[in-house]
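> Sequence isn't available, so here's the structure alone:
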């Protein structure tokens, strides 16, 4: 058994007002960097732990 897929939680999204362009840039950069490690990024999720967005419930800040 091995890890086949990762879930990427991108924190501090509240600081950049949940900017989709910045989120996409971070997620794709991370996906590119782990390709050599034989991992696949299954899901990238924007979170803002200080505001509780996506951590304790749904958020109106994301699409």
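Here it is on my side, so go on. Since the model is a prediction, treat every value here as computed from it, not as a measurement.
> in the chain, what spans have low per-residue confidence?
When residues are selected by pLDDT under 70, those of the chain lie in 1, 51-63.
> How about residue 43: which residues does it bridge to?
For residue 43, the beta-bridge partners under DSSP bridges are residue 7.
> I'd assumed residue 27 was in contact with it.
No. Using C-beta atoms under 8 Å, residue 43 is not in contact with residue 27; the gap is 9.4 Å. In this view, the C-beta of every residue, glycine as well, is placed from N, C-alpha and C.
> List the residues that are in contact with both of the two.
Common neighbours of residue 43 and residue 27, counting by C-beta atoms under 8 Å, 6 or more residues apart in numbering, are residue 8.
> between the two, which one's more packed in?
Counted by other C-beta atoms under 10 Å, residue 43 and residue 27 do not tie: residue 27 has more neighbours, with 17 against 10.
> where does that one fall, phi/psi-wise?
According to degrees, to the nearest 10, the main-chain angles of residue 27 amount to phi -60, psi -40.
> need the contact list for it.
Listed by C-beta under 8 Å, 6+ apart, the contact set of residue 27 reads 8, 10, 41, 44.
> try 7 Å
Applying C-beta atoms under 7 Å, 6 or more residues apart in numbering to residue 27 gives the contacts 8, 10, 44.
> do the same with residue 44
Counting by C-beta under 7 Å, 6+ apart, residue 44 touches 8, 10, 27.
> From residue 2, how far out is the first one?
Plainly put, residue 8 is 18 Å away from residue 2 if you go by C-beta to C-beta, to the nearest Å.
> who has more neighbours, those two?
Here residue 8 and residue 2 are compared on neighbour count by other C-beta under 10 Å; more neighbours surround residue 8, at 15 against 5.
> The more buried one against residue 30, yeah?
Yes. At 5.6 Å, residue 8 counts as touching residue 30 under the criterion of C-beta atoms under 7 Å.
> Residues in contact with both of these two, list them for me.
Common neighbours of residue 8 and residue 30 (C-beta under 7 Å, 6+ apart) are residue 41.
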